[in-house]
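Undergrad: please find the sequence and the predicted model below.
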Amino acid sequence: MTYLDTNIIVSYINEKDPLHPKALELVNSLNKRTISKLVVLELHSVFSRVSNVEGLELEALVEYSVESVNAKLMEVNFNEVIELAMKYSGPLKLKTLDLLHVVAASLLDDSIATLDNDIIKKKDRIEEILGLKVLGAF
């Protein structure tokens with residue numbers, strides 16, 4: 001299974017996004033896709049800011065986005081995610097949300113699909129430390 005980073009879903013949904021073709025190609029190449037509540041939260045934040053929707057409209061947009069990429073919401077212990085993120089913050093040197101995503105992904109899956117350049121640049125280090133394969137547009 002492959003954990004989808006939020007940026008993949010946003011680019012997949014938005015046909016005007018310059019990374020849309022890469023997101024389509026990457027998502028369509030994956031058999032089983034997962035997300036965590038962190039992705040759901042980030043989708044709420046992004047869509048509420050860029051489309052100025054809220055309430056039921058926002059819920060519907062997030063739900064549509066997750067369903068469009070055929071991702072399964074998986075439960076992860078965020079206390080464990082935070083503890084591990086603190087442990088690996090030094091060696092990985094990622095931004096907070098990126099760090100939380102890669103740690104959550106490592107607990108749920110064996111790979112993460114992302115278009116995030118910071119994560120992609122550190123793919124070898126992430127795989128070495130977390131055993132998590134980074135899939136992206138290189």
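TA: Looks like it came in fine. All of these numbers come straight from a predicted model, not from anything done at the bench.
Undergrad: helices of this protein, start to end?
TA: Taking DSSP state H to define them, one finds helices in the chain at 6-13, 20-28, 37-51, 55-68, 78-92, 96-108, 117-121, 123-130.
Undergrad: and of the ones you listed, who's closest to A137?
TA: Distances from A137 to each of the helices of the chain were compared using C-beta to C-beta; the shortest belongs to helix 20-28, at 4.1 Å. Placement of C-beta: from N, CA and C, glycine included.
Undergrad: buried residues in that closest one, which are they?
TA: K22, A23, L26, V27 (16 or more other C-beta atoms under 10 Å).
Undergrad: which one of the residues you listed is nearest I8?
TA: Nearest to I8 among the buried residues of helix 20-28 is A23, at 5.3 Å by C-beta to C-beta.
Undergrad: how near is the closest one to E128?
TA: Using C-beta to C-beta, to the nearest Å, one gets 26 Å for the distance from A23 to E128.
Undergrad: now A71
TA: Per C-beta to C-beta, A71 is found 26 Å from E128.
Undergrad: more neighbours, the two?
TA: For A71 versus E128, the count of surrounding residues by other C-beta atoms under 10 Å is larger for A71: 24 against 12.
Undergrad: for the more buried one, give the beta-bridge partners.
TA: The residues paired with A71 through beta bridges, assigned by DSSP bridges, are R33.
Undergrad: in contact with the residue nearest to K32 when sequence neighbours are not counted, which residues?
TA: For K32, the nearest residue in space outside its immediate sequence neighbours is M1; the separation is 4.3 Å by C-beta to C-beta, 6 or more residues apart in numbering. Contact analysis of M1 by C-beta atoms under 8 Å, 6 or more residues apart in numbering lists K32, R33, T34, L108, D109, D110, S111.
Undergrad: I figured the third one hits L107, correct?
TA: No. Counting by C-beta atoms under 8 Å, T34 stays clear of L107, with 10.7 Å between them.
Undergrad: and the residue found closest to L84 once you drop the neighbours it is linked to in the chain, what does it touch?
TA: With C-beta to C-beta, 6+ apart as the criterion, L84 has its nearest non-adjacent residue at 4.8 Å, and that residue is V103. Contact analysis of V103 by C-beta under 8 Å, 6+ apart lists V81, L84, A85, Y88, L130.
Undergrad: no further questions, thank you.
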